[in-house]
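Visitor: Task: produce atomic coordinates for the following.
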Amino acid sequence: MMTFLKTDWDNVSSTSLSDAMHGLQTMDSCIQPLNRRMCVAGPAFTVQIVQNDCAVVFQALRDAAPGSVLVIAANGTTDVAFFGEIVVAIAKEKGLAGIVIDGCARDSLALSQNDFPVFVKGIVPRIPARVFLGEVQKDVQCGGVLVRPGDIVFGDADGVVIIPQEQQAPVLAKAQAKEKLDQWKMEHLLHDPEALEKFLTDTCTP
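Guide: As a prediction, this is how the structure comes out:
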């Protein structure tokens, strides 16, 4: 299985990765970055929220390896926030790569100005109780996508894509090829009227 190296993912985007998987494994459009200039790439450390338990987030902070992306499955809950500025500061200090949640965070102004990637469904100030029922490193559903521990999480201004760990090499290769093709189109196709006309005709013709 391919070893994860963050530099391998520097020249791809969520769009090229989504295209490489025919649109599969793309999280719901409501999962968005608080700072749109931030990108995240890394293996998933999964967190399953149960009964709005926030204690499990701190367990994840304790146990996740540097470079991991916390993927917090909050069941789409938007009435409470599961983390804020302090949790993000700890995650950054421990060398984590980012946080993705299909729920809410708080302290949004501070997080939006931070250089730590945070992807959320929403923002709300209220925090839940600690009931110690959540679980980590289980298969979870987050943002409409199955995420398993170790799957590759990639997020940028357009959203989040999950790449199954056993598929990362072929998916990455397809995404890199797509990026090169798109760059060629921008540099050459737009400046060749004949080629552009053929492209448009071929694209819109059954």
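
Visitor: Tell me where the longest strand sits in the protein.
Guide: Criterion DSSP state E: the longest strand present in the chain is strand 40-48.

Visitor: partners of that one, with directions?
Guide: Next to strand 40-48 in the sheet, as set by DSSP bridges, lie strand 69-73 (parallel), strand 135-136 (antiparallel), strand 152-156 (antiparallel).

Visitor: Can you give me the buried ones in the helix or strand following that strand?
Guide: Counting by DSSP states H and E, the element after strand 40-48 in chain order, helix or strand, is helix 55-63. By 16 or more other Cβ atoms under 10 Å, the buried positions in helix 55-63 come out as 56-57, 60-61. C-beta: built from backbone N, CA, C; applies to glycine.

Visitor: Quick one: mean pLDDT for helix 55-63?
Guide: Helix 55-63 shows a mean pLDDT of 97.

Visitor: And stretch 4-21, by the same measure?
Guide: For stretch 4-21, mean pLDDT rounds to 96.

Visitor: And the longest helix seen in the chain, what's buried?
Guide: The longest helix of the chain (DSSP state H) is helix 168-187. In terms of neighbour count (16+ other Cβ under 10 Å), helix 168-187 has its buried residues at 168, 171-172, 174-176, 178-179.

Visitor: Next, the angle from the longest strand of the chain to helix 168-187.
Guide: Interaxial angle, strand 40-48 versus helix 168-187 (axes from the mean of the first three to the mean of the last three Cα atoms, to 10 degrees): 140 degrees.

Visitor: Please state the offset of strand 40-48 from the chain centre?
Guide: 8 Å (Cα atoms, centre = their mean, to the nearest Å).

Visitor: circling back to that earlier point, same list (the buried residues of helix 55-63) but as a markdown table, adding distance to Leu34.
Guide: A markdown table is the format used below for those (distance: Cβ to Cβ, whole Å):
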| residue | distance to Leu34 |
| --- | --- |
| Val56 | 21 |
| Val57 | 17 |
| Ala60 | 19 |
| Leu61 | 18 |
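
Visitor: which residues touch the worst-scoring helix or strand of the chain on mean pLDDT?
Guide: When each helix and strand of the chain is scored by mean pLDDT, DSSP states H and E, helix 193-204 comes last, with a mean of 87. Contact partners of helix 193-204, identified using Cβ atoms under 8 Å, 6 or more residues apart in numbering, comprise 185, 188-190.

Visitor: Kindly recompute the last result at 7 Å.
Guide: Defining contact as Cβ atoms under 7 Å, 6 or more residues apart in numbering, one finds that helix 193-204 is touched by 189-190.

Visitor: Equivalent analysis for stretch 3-22, please.
Guide: Here stretch 3-22 makes contact (Cβ under 7 Å, 6+ apart) with 26, 41-43, 152, 154-156, 158-161, 163, 171-172, 174-176, 178-179.

Visitor: number of nearby residues for Glu93?
Guide: Neighbourhood size, Glu93 [other Cβ atoms under 10 Å]: 10.
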